[in-house]
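**Q** I'll drop the sequence and a predicted model, then ask my questions.
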Amino acid sequence: MIKKYNDLESFINVLGHTKKCPAIIKNYANKMPAYSKWNLQYLSNTFDNIDLTYEDYEHSSDIIKTKTKRTTFKNYTKIIDKNSVYLAQINILKTCNKLADDVEIPGYINKLPQVSLYYGPKNIGTKLHYDYGDNIYCNLRGRKEFILIDPDQHIKTKKNKDWKHFACDTIDCKLFKNDCITLCPGDSLFIPKGYWHEVKNITKSLGLSIMYN
Ligand SMILES: O=C(O)CCC(=O)C(=O)O
């Protein structure tokens with residue numbers, strides 16, 4: 001059962017006192033400037049002509065063989081509805097630092113986190129994996145499903161060292177004991193370091209992850 005906190009402060013109050021577990025945090029993402037400001041016009045203008053890399057799943061659903069292609073944010077908005085494409089893991093501090101002004105990093109995070117943008121169509125997502133840091137995923141638009149699996153359950157990972165945090169493509173995470181939750185616009189999800197998760201957009205979605213150590 002995933003815990004739910006009504007605000008960031010309530011979540012921070014228990015952090016450090018109990019084992020880190022996934023948790024839904026209300027009234028955090030929807031209070032940041034990104035929530036009200038990040039519409040397509042604003043993002044197209046702010047990214048301007050910056051070259052961004054997106055995943056093209058048109059010809060392959062294999063996470064390793066996926067083709068990456070380059071485009072601007074504005075041009076991506078023209079293909080998002082027609083193709084199996086995913087603008088994922090866009091590190092905004094590196095690609096477009098100005099957008100970081102719209103993100104409120106919780107005060108307890110004392111090292112610079114990695115802030116990554118995800119914008120993708122319905123049914124696109126990210127295969128079962130875990131991350132090397134704690135993560136607060138802030139959902140800004142659309143609805144998104146997360147399937148969460150405790151790391152104490154044995155899941156086989158890819159042999160390739162670069163992908164060892166990804167499970168085999170064939171794994172059906174529903175075969176493991178899991179929690180399945182849906183984030184609505186403005187919801188955030190805390191995912192502790194090492195916690196398995198598979199993600200799928202229920203509708204076209206825009207969000208950002210704040211990953212830190
Ligand atoms: O939104 C997604 O597709 C993936 C998000 C995720 O897995 C993460 O932030 O670690």
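**A** Looks like it came in fine. Since the structure is predicted, the reported quantities are computational estimates derived from the model, not experimental observations.

**Q** run a quick neighbour tally on the nearest residue to Lys158 once chain neighbours are set aside.
**A** Of all residues not flanking Lys158 in the chain, Phe166 sits nearest, at 5.2 Å (Cβ to Cβ, 6 or more residues apart in numbering). Glycine gets a C-beta too; all of them are placed from N, C-alpha and C. Phe166 has 19 neighbours, counted by other Cβ atoms under 10 Å.

**Q** look up how far Lys193 lies from Phe166.
**A** Look at Phe166 and Lys193: by Cβ to Cβ, to the nearest Å, they are 15 Å apart.

**Q** wait, a strand at Ala34?
**A** No - Ala34 is assigned helix when assessed by DSSP: H, G, I helix; E, B strand; the rest coil, not a strand.

**Q** give me the pLDDT for it.
**A** Here the pLDDT value assigned to Ala34 is 98.

**Q** so who does it touch?
**A** Leu99, Asp102, Val103, Cys138, Leu140, Leu208 (Cβ atoms under 8 Å, 6 or more residues apart in numbering).

**Q** so how many other residues sit close to the third one?
**A** Here the neighbour count serves as a burial measure; for Val103 (other Cβ under 10 Å) it reads 20.

**Q** residue numbers of the protein in contact with the ligand?
**A** Ala88, Tyr118, Gly125, Thr126, Asp131, Asn135, Tyr137, His197, Val199, Ser209 (Cβ under 6 Å from any ligand atom).

**Q** wait, the fifth one sits on Phe190?
**A** The one in question is Asp131. No - counting by Cβ atoms under 8 Å, Asp131 does not reach Phe190; the two are 11.7 Å apart.

**Q** comparing these two, which residue is more hemmed in?
**A** Neighbour count, other Cβ under 10 Å: between Asp131 and Phe190, Phe190 has more, with 23 against 17.
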